[in-house]
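Asker: Sequence first, predicted model second:
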Amino acid sequence: MTVRGVLKTLSPLFACIGLLCVWQIASLRLDTESFPTALESIKAIPSILGDKGSLLNILDSIRRMTIGLVLAVMFAIPLGLLMGRIKAVAAFFNPLMMIIYPVPKAALMPIIMLWMGVGDVSKILVIFLGVSLPIIYHAFQGSKAVEEKMLWSGAAMGMSAPMRMLRIVLPAALPEILTGCRTGLVLALITMITSEMIARQSGAGNILFNSLDMAQYDTVFAMILIIGAMGIIFDAAFEKLRLSLVRWSQPRDDMPLSFT
Amino acid sequence: MNQERINSVLLGITPIVLFIALWQSLISFGFAPTSLLPPPGAVFGKLAKDFFNGDFLHDIAATLIRLFAGFGIAVVVGVFIGLAAAVSPAVNAVVKPLVRVLAPIPKIALYPALLLILGFDHASKITLVTADALFPILLSTYYGASMVEQKLIWSAMAAGTPRWQILFKVVLPAAMPSILTGCRIGLVISCIVVFLAEMITSTDGLGHMLVQAARTFQTVDMFVPLIMISMLGLILNSLLHWLRSYLLRGFPEV
């Protein structure tokens, strides 16, 4: 690898270090109790991850997030593909989607909690709701853009409609769907944190906001670092997966698009 | 064509009507007690009544101020940085890795830090909205601006346009469709984030109204802010749509 290539792959790392330096300098300049330096916050990370209770809490959060995400993917992709191919389905669901899009899904948490309690079910449901919309939208856009000729040739060769959906529309829309999934992944993380912050029972969001309430500022900032790192790691891992799935398609954007 | 349009509108209204009917029937047939799920009539009646209530209008105003301030800053900063990154390789080399690192971070996790640094007032909420809306706008500006056809720029240069004027007269208008798409995403995000921030800590705003109602088990009042934010989102979205069709009046349908 050339020096340029090495520099390019390492550049996100430099960006991280640069940001931490800015933080360090800013907190030294401001010098208030409630804004610990970057070094202090990093030092607090091992004590959180080393503590069995909080580690279990964080893993619990990730488990809920994964379940919600998988359910959403299984539900949203077929719906989005159908919406893209059948006009009536799109006309049926589009206005409903426009109405529920600007509603923050985590804000439904207090209401869902009334019905289903503070347990896993309501949190997973909220994550599911939050993640579904962008995936539906992208699957819809992707399947709408499938070239009509390919479908005709498929039909001419005697493929049934469900087979065409599976063998032609799904692969053709896959790059777009995966873009939606990537957005969904970031969104799942956000919804997870907010739902735990509202339900205040367990999870990473709970640790974050409890330590804020108890004025343990180094824990607050350490948790922010942990959650941020989770976001970056998940995103990078998903990018790897995406590249292996759709190697044939040139990615349109090589930078992550984050939605809330 | 017209008949087709009417049909699709009718088809679109169906799920919303069905949804409200299902909501009403859950109560009518006694599946859900009204204390947990208030009837739709009560919720919409309360919403209509609240419009004559000063506190409610004050909450809406507080939310809108934060939303517009945050979104406005995000548009200005996002478009500026996006253009700079598309035009100058040096800026690009700095911005790209930073965006790679910052974009996938769930910004809401930064909110406690913002609270501690900026305090509980407007500033922390506006910053959060800006941080969340910034990246979609920045990225779409960047892609829009880097896709501008080279020939357009060459022709402008051949016609003797100064370099910085090319930026405003050629690159910015050519990137406009993409920028507006980014703004649309950013706007929806702003609606969501401002509500969440107000739910976490606030003394006014729609999010605060919801939390307040949840604490006192006023279920009717819990639905009112949710419907309100959905309506705000729809109104703002159609305003942006109108602005888009005005700004892009020369463009072929995008």
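Answerer: That came through fine.
Asker: can we go C-alpha only for contacts and neighbour counts from here?
Answerer: Noted.
Asker: What strand or helix carries A:Ser41?
Answerer: helix A:38-50 (DSSP states H and E).
Asker: Which strands and helices lie in contact with whatever helix or strand comes next after that helix?
Answerer: Using DSSP H and E, the helix or strand that follows helix A:38-50 in sequence is helix A:52-85. Where contact means 3 or more CA pairs under 8 Å, 6 or more residues apart in numbering or on different chains; DSSP states H and E, helix A:52-85 is packed against helix A:38-50, helix A:87-100, helix A:120-144, helix A:170-199, helix A:204-213.
Asker: I'd like these as CSV, with distance to B:Ala158 appended.
Answerer: Formatted as CSV, the helices and strands packed on helix A:52-85 follow (distance: least, CA to CA, whole Å):
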stretch, distance to B:Ala158
helix A:38-50, 51
helix A:87-100, 46
helix A:120-144, 39
helix A:170-199, 39
helix A:204-213, 57
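Asker: To chain B, which of those helices lies closest?
Answerer: helix A:87-100 (4.4 Å; CA to the nearest CA).
Asker: Check which residues of that closest one are buried.
Answerer: A:Val89, A:Ala90, A:Ala91, A:Phe92, A:Phe93, A:Asn94, A:Pro95, A:Leu96, A:Ile99, A:Ile100 (16 or more other CA atoms under 10 Å in any protein chain shown).
Asker: same question, stretch A:74-88
Answerer: Result for stretch A:74-88 [16+ other CA under 10 Å]: buried residues A:Ala76, A:Ile77, A:Pro78, A:Leu79, A:Gly80, A:Leu81, A:Leu82, A:Met83, A:Gly84, A:Arg85.
Asker: Now do the domain split for chain B, please.
Answerer: B:1-37, B:38-247 (automatic domain parsing).
Asker: which stretch among these comes nearest A:Met192?
Answerer: domain B:38-247 (10.0 Å; CA to CA).
Asker: For the helix holding A:Ser41, list the C-alpha coordinates in PDB.
Answerer: Provided in PDB are the C-alpha atoms of helix A:38-50 (Å, rounded to 0.1, in the frame of the first residue of the first chain):
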ATOM      1  CA  ALA A  38     -11.100  13.900  27.400                       C
ATOM      2  CA  LEU A  39      -8.400  12.000  29.400                       C
ATOM      3  CA  GLU A  40     -10.500  11.900  32.500                       C
ATOM      4  CA  SER A  41     -13.500  10.600  30.500                       C
ATOM      5  CA  ILE A  42     -11.400   7.900  28.800                       C
ATOM      6  CA  LYS A  43     -10.100   6.800  32.100                       C
ATOM      7  CA  ALA A  44     -13.700   6.300  33.400                       C
ATOM      8  CA  ILE A  45     -14.500   3.900  30.500                       C
ATOM      9  CA  PRO A  46     -12.800   0.800  32.000                       C
ATOM     10  CA  SER A  47     -14.700   1.200  35.200                       C
ATOM     11  CA  ILE A  48     -18.000   1.200  33.400                       C
ATOM     12  CA  LEU A  49     -17.100  -1.700  31.100                       C
ATOM     13  CA  GLY A  50     -15.500  -3.600  34.000                       C
END
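Asker: do it and chain B meet at all?
Answerer: No - for a cut-off given as CA under 8 Å from any CA of the partner chain, helix A:38-50 has no contacts with chain B; the smallest distance is 11.8 Å.
Asker: helix, strand or coil for B:Pro104?
Answerer: The local conformation at B:Pro104, judged by DSSP: H, G, I helix; E, B strand; the rest coil, is coil.
Asker: Distance of the residue of the stretch 151-254 of chain B found nearest chain A relative to B:Pro106?
Answerer: Nearest residue of the stretch 151-254 of chain B to chain A, counting by CA to the nearest CA: B:Ile192, 4.6 Å away. Using CA to CA, to the nearest Å, B:Ile192 is found at 13 Å from B:Pro106.
Asker: For the helix or strand hosting A:Lys8, which residues meet the burial criterion?
Answerer: Assessed by DSSP H and E, A:Lys8 sits inside helix A:3-30. Across helix A:3-30, burial judged by 16+ other CA under 10 Å covers A:Ser11, A:Pro12, A:Leu13, A:Phe14, A:Ala15, A:Cys16, A:Leu19, A:Leu20, A:Trp23, A:Gln24, A:Ser27.
Asker: what sits against A:Leu174?
Answerer: A:Ala139, A:Gly142, A:Val246 (CA atoms under 8 Å, 6 or more residues apart in numbering or on different chains).
Asker: can you put these in JSON lines and add pLDDT?
Answerer: Shown next, in JSON lines, are the contacts of A:Leu174 (pLDDT from 0 to 100):
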{"residue": "A:Ala139", "pLDDT": "90"}
{"residue": "A:Gly142", "pLDDT": "87"}
{"residue": "A:Val246", "pLDDT": "77"}
